[in-house]
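[1] no FASTA, just this:
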């Protein structure tokens, strides 16, 4: 990954291997010596947590796949068999089910941390864009995984989401038939979703590797958002951040396993305990909670454009995809040279309003699209896009950032407080 | 709702299921052997299983035949298929009860409420379709299931008085167990795991503090 300084390995076997394949030097450089800013706060724990959750998901998923049957007439039954007859099958499944929710909680916090501290700005644009691809891959994986138990919400969620592609003009319905492998969501759909659900996490793993490669090339951002000036600003990753990440992992596992053991169906839907039935549509079809803000944006567009040439459904689908993809443009929409919100008095407030707006979208996404919810969803959707397309570009012109500290070490050591401007060393 | 299952109540609930509910409702994910968990002995489980018939075969003549169920058998459903169930029930489909407490908003409370909130006659002005029954908790208030419980509908072996609310409570306990037989094991393991993690995390915090003690940050 990062450039390897030549290490002297005392153990002759290790030295022999390392001269031919520098895995020991690489591990040493990236896991031990990696120079990390000394002022990272606990919001920086969520990156490594996301990596650990991915490993937990792959591990539990492989065991589940050994017992699961991807067939429309057996999938629901095989999941119940895992829950009842397979030794600790219930544990594997609850870990996997709740792990999906935990993955999104952790990654959403990770993204908002990047947003607050300007981690997407130069030189970390590619690091950020890879992150957006990771989010997209996670969404595809999560969506297809939810289909596999073949409950009512699995089936109807898959029907609604795949049908979105029918909104595209001319080729729409052909795309949907192609996705389904037939003329409705059925056994071929379940089969391919299972195959892809098994494949995508490994692609995700590859993306995470590239994400870390880019990170270790440009190095970590920090809460002050200023560049590392020298070794006095950094600490070796091990033991300092390994110890901090281990403690964070402990806290996270308590949170995660509380749900697994005591509220395992908290994030689920009762309708998914009913086997898929193409003849009975549930009263309210809702996606998993982590899709709700995007679902609200999809449903917010209730009007045609250009005298019906662009129907509302197509607009909604485009808005939903744009809501994710616009994140990739963030490094160029936000022109402010200052990274951290700590020194951006207006952006700081805009950030919290944006976060609140995302939560509002999530709330609206969970409600039936009636009455006030429609207007709330439309207003929140407008705010979502205004934030990226208008507020952020304008803000870099009108906002006067506060003075930045000269270096991380002057800002974080007590002696340094007098050196930097008053109020800067938070 | 329950930390542990009330075994006596769940056993009575099984009796209610066997004598009342099973006439129309299946319990296809539960095997007779699972009933051990409610405190029934091996002999009792075998005696219960032998009261049911399951299809077996083919025999040497290539014919399928009916035979008394074994402990390993799953509880046979009362109808061969959904169509047969509908024909026998005035067009209504009695759902399988294996997961009923998890498949409804309100969980076990929903099941108890449905069983105890029939009203006859229906309120003034309510237009009840023929063959339907008024239930305060059922969505839309029209339910195809006739009131299944009435006082002393079953005779409990342990002498408990079989009131409607007692039977509803017992069968709800039983069905909650049937929906997730591993619930007790899950919660017990969970307490051990969380206590371990809390102690471990305390140590990890101390370790982090110790390692960072020489850094000004």
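    Nice, I can see it. Please read these numbers as outputs of a predicted model, since none were measured by experiment. Numbers count the residues shown, from 1 in each chain, chains lettered A, B, ... in the order given.
[2] OK, contacts around the residue most central in space within chain B?
    By C-alpha atoms, centre = their mean, chain B has its centre lying nearest to residue B:175, at 1.5 Å. Listed by C-beta atoms under 8 Å, 6 or more residues apart in numbering or on different chains, the contact partners of residue B:175 are B:13, B:17, B:97, B:100-101, B:108, B:111. Where C-beta positions appear, they are placed from N, C-alpha and C, glycine not excepted.
[3] Any chance of TSV for those residues, columns pLDDT?
    Shown next, in TSV, are those (pLDDT from 0 to 100):
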residue	pLDDT
B:13	97
B:17	97
B:97	97
B:100	97
B:101	96
B:108	94
B:111	97
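[4] Just the ones of the residues you listed in helices?
    Judged by DSSP state H, the subset of the contacts of residue B:175 located in helices is B:13, B:17, B:108, B:111.
[5] ok, and the most crowded of those?
    Greatest neighbour count in the ones in helices among the contacts of residue B:175, by other C-beta atoms under 10 Å in any protein chain shown, goes to residue B:13: 26 neighbours.
[6] just checking, it touches residue B:166?
    No - between residue B:13 and residue B:166 there is no contact under C-beta atoms under 8 Å: 10.2 Å.
[7] what sits against residue A:203?
    residue A:137.
[8] sec struct for it, please.
    Secondary structure for residue A:203, judged by DSSP: H, G, I helix; E, B strand; the rest coil, is helix.
[9] quick one, domains of chain B?
    Residue ranges for the domains of chain B, per automatic domain parsing: B:7-30+B:75-181, B:187-217.
[10] burial measure for the nearest residue to residue A:223 once chain neighbours are set aside, as a count.
    Leaving aside its sequence neighbours, residue A:223 sits nearest to residue A:41 (C-beta to C-beta, 6 or more residues apart in numbering or on different chains; 5.3 Å). Applying other C-beta under 10 Å, we find 12 other residues in the vicinity of residue A:41.
[11] now do residue A:7
    When neighbours are counted by other C-beta under 10 Å, residue A:7 registers 16.
[12] pretty sure it contacts residue A:26?
    No - when contacts are counted by C-beta under 8 Å, residue A:7 is not listed as touching residue A:26 (9.9 Å).
[13] Might you enumerate the residues of chain A proximal to chain B?
    A:38-39, A:77, A:80, A:83-84, A:90-91, A:94, A:235, A:239-240, A:243-244, A:246-247, A:249-251, A:253-254, A:257-258, A:260-262, A:264-265, A:270-271, A:273-274, A:412-414 (C-beta under 8 Å from any C-beta of the partner chain).
[14] In helices, which of these fall?
    Those of the residues of chain A next to chain B lying in helices (DSSP H): A:77, A:80, A:83-84, A:90-91, A:94, A:243-244, A:246-247, A:249-251, A:253-254, A:257-258, A:260-262, A:412, A:414.
[15] Show me which of those are buried.
    Neighbour counting with 16 or more other C-beta atoms under 10 Å in any protein chain shown marks A:80, A:83-84, A:90-91, A:94, A:243-244, A:246-247, A:249-251, A:253, A:257-258, A:260-261, A:412 as buried within those.
[16] where are the low-confidence patches of chain B?
    B:1-2, B:217 (pLDDT under 70).
[17] How about the residues of it by chain A?
    So chain B meets chain A at B:29, B:34, B:95, B:98-99, B:102-105, B:107, B:179-182, B:186-187, B:189-191, B:193-194, B:197-198, B:200-201, B:204-205, B:207-208, B:211-212, B:215-217 (C-beta under 8 Å from any C-beta).
[18] Whichever of these end up buried, select them in PyMOL.
    Provided next is the PyMOL selection string for whichever of the residues of chain B next to chain A are buried by 16+ other C-beta under 10 Å:
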select buried, chain B and resi 29+34+95+98+99+102+103+104+107+179+180+181+182+186+189+190+193+194+197+200+201+204+205+208+211+212
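[19] which residues sit in contact with the closest residue to chain B within the stretch 151-300 of chain A?
    Closest residue of the stretch 151-300 of chain A to chain B, C-beta to the nearest C-beta: residue A:261 (2.5 Å). Going by C-beta under 8 Å, 6+ apart, residue A:261 touches A:94, B:186-187, B:189-191, B:193-194.
[20] sorry, back to before: okay, the domains of chain B in CSV with distance to residue A:383 next?
    CSV is the format used below for the domains of chain B (distance: least, C-beta to C-beta, whole Å):
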stretch, distance to residue A:383
domain B:7-30+B:75-181, 32
domain B:187-217, 37
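[21] what separates the one residue in chain B that gets nearest to chain A from residue A:270, distance-wise?
    Here chain B gets closest to chain A at one residue, residue B:190, 2.5 Å apart by C-beta to the nearest C-beta. Distance from residue B:190 to residue A:270, counting by C-beta to C-beta, to the nearest Å: 22 Å.
[22] now do residue A:401
    Separation of residue A:401 from residue A:270 (C-beta to C-beta): 50 Å.
[23] Identify the residues contacting residue A:110.
    Applying C-beta under 8 Å, 6+ apart, the residues contacting residue A:110 are A:46-47, A:50.
[24] Please, which helix or strand holds it?
    helix A:89-116 (DSSP states H and E).
[25] which one of the domains of chain B lies closest to residue A:214?
    Nearest of those to residue A:214, taken as C-beta to C-beta: domain B:187-217 at 25.5 Å.
[26] and that closest one, how far from the chain's centre?
    Relative to its chain's centre, domain B:187-217 lies at 40 Å (C-alpha atoms, centre = their mean, to the nearest Å).
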